[in-house]
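Colleague: 3D model of this:
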Amino acid sequence: MLTELKIKKMSIYPPLLLAPMAGLTHSALRTLLQDFGGVGLLSTEMLAARKLPIENEKLSPFLVRTEQEFPLSYQLLVTDAAEVAPAVEALHRFGADAVDLNLGCPAPRVRRKGGGSSLMEIPERVKKIVIEAGKRTDLPLTAKIRLGESFSEEKLRNFCLMLEGEGIDLLTVHARLRKEPFCRRPHWQWVAKVKEWLSIPVIANGSVLSVADAEKCLQVSRADGLMIGRGAAFTPWLFADIGREVYGLDIPVKPVCLPELYARFVLALVERFVPERRLGRLKEFTHYFAANYAFGHTLAVKVQTASSVIEAWQRAMDFFQCSDPESLKEAAARIAEVEAVLL
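Modeller: Predicted coordinates:
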């Protein structure tokens, strides 16, 4: 089993990639994952190519980045080849380590604008986008797709071969059809088909939420690596666990103190993001993080209905006091750090 992928001048070690997720894969979560280890390639949230040239990387919540966040892939939401050149130029200014093309997002608002998975139905437009991107950058050029509208080996094969032929260096396959929700089991066996067709690295994505899922996915898909999405927010130490138990890597085991982890996340939000960009991201993270508790839905609801970060923080502390008082004591020093800057 490969423990390292080399794409042009970039090394992905281990071959465990963070999935782009709206409201989640920002700087605060990325550094939390890195603290545990095991992430081979980080990702931004989906970035609208049209807006990138005028974005301020020091203020935009989509672009805020610390020095330790490396390597970092920037995912582009592109609808037309004309958007590519100014967007890629901006990514060069921002210090991107790789460029990823979003060809799989099923969100209706994205599809209505001609982006995401809608592009899989217009392969000629995608071809122009990939060719233009290849002309504009020497960075690793990757793409993320779904399986399509319906199961069609011929259609999917032709599309994937076109991507490889026009210069995509690595392909991630979310193993679901466009309309299939997260509650449906992914079709990892279809990733194996893509792997047979292509010579570039193929990464499997979809419902890798545990070490057992990772082992099963790699066995069925025969992929060159895994991309992890929601599992990163549920359990930020998942990359490290998979790195150790599946890839046999020497990653130090760090104790998990949930209130302390939550405090680190909040501290990062407060230190790196402008005030109006903090609460939404805290609510989004808490929705997943709360699943670590038997009655976590209570925490999720309390934070979701808060009207400020301070109120959300206080409600979370009340929940920890009732549900996890011993861990709350362990996290006292970190909690004091947060309250020194927040309250």
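Colleague: can you pull the phi/psi pair for V99?
Modeller: Phi and psi for V99, reported as degrees, to the nearest 10, are phi -120, psi 130.
Colleague: again, but for V202
Modeller: phi -120, psi 130.
Colleague: who's in contact with the closest residue to it other than its chain neighbours?
Modeller: Distances taken as C-beta to C-beta, 6 or more residues apart in numbering put K195 closest to V202, at 4.6 Å, once the chain neighbours are dropped. C-beta: built from backbone N, CA, C; applies to glycine. Contact analysis of K195 by C-beta atoms under 8 Å, 6 or more residues apart in numbering lists 202, 221-224.
Colleague: same thing but at 7 Å, please
Modeller: Counting by C-beta atoms under 7 Å, 6 or more residues apart in numbering, K195 touches 202, 221-223.
Colleague: ok, now Q75?
Modeller: Applying C-beta under 7 Å, 6+ apart, the residues contacting Q75 are 20, 43-44, 46-47, 100, 102.
Colleague: just the buried ones from the residues you listed, in ChimeraX syntax?
Modeller: To isolate the buried ones among the contacts of Q75 in ChimeraX, judged by 16 or more other C-beta atoms under 10 Å, type:
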select :20,43,44,46,47,100,102
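Colleague: restricted to strands, list the contacts of Q75.
Modeller: 43-44, 46-47, 100, 102 (DSSP state E).
Colleague: related to what we said a few turns ago, can you flag which of the contacts of K195 belong to strands?
Modeller: Short answer: those in strands (DSSP E) are V202.
Colleague: in JSON lines, list the contacts of K195 along with distance to K144.
Modeller: Converted to JSON lines, the contacts of K195 look like this (distance: C-beta to C-beta, whole Å):
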{"residue": "V202", "distance to K144": "11"}
{"residue": "S221", "distance to K144": "15"}
{"residue": "R222", "distance to K144": "19"}
{"residue": "A223", "distance to K144": "13"}
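Colleague: just put the contacts of K195 in a markdown table and tack on pLDDT.
Modeller: Below are the contacts of K195 laid out as a markdown table (pLDDT from 0 to 100):
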| residue | pLDDT |
| --- | --- |
| V202 | 98 |
| S221 | 98 |
| R222 | 98 |
| A223 | 98 |
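Colleague: now, which of the contacts of K195 lie within helices?
Modeller: If you go by DSSP state H, those have S221 in helices.
Colleague: quick one: buried ones out of the contacts of K195?
Modeller: 202, 221-223.
Colleague: quick one: L141 and I168 touch, right?
Modeller: Yes. Between L141 and I168 a contact is recorded at 5.9 Å, counting by C-beta atoms under 7 Å.
Colleague: any idea how the protein splits into domains?
Modeller: Annotated domains of the chain cover 5-245, 258-342 [automatic domain parsing].
Colleague: just those: most buried one?
Modeller: domain 5-245 (a mean of 19; mean count of other C-beta atoms under 10 Å).
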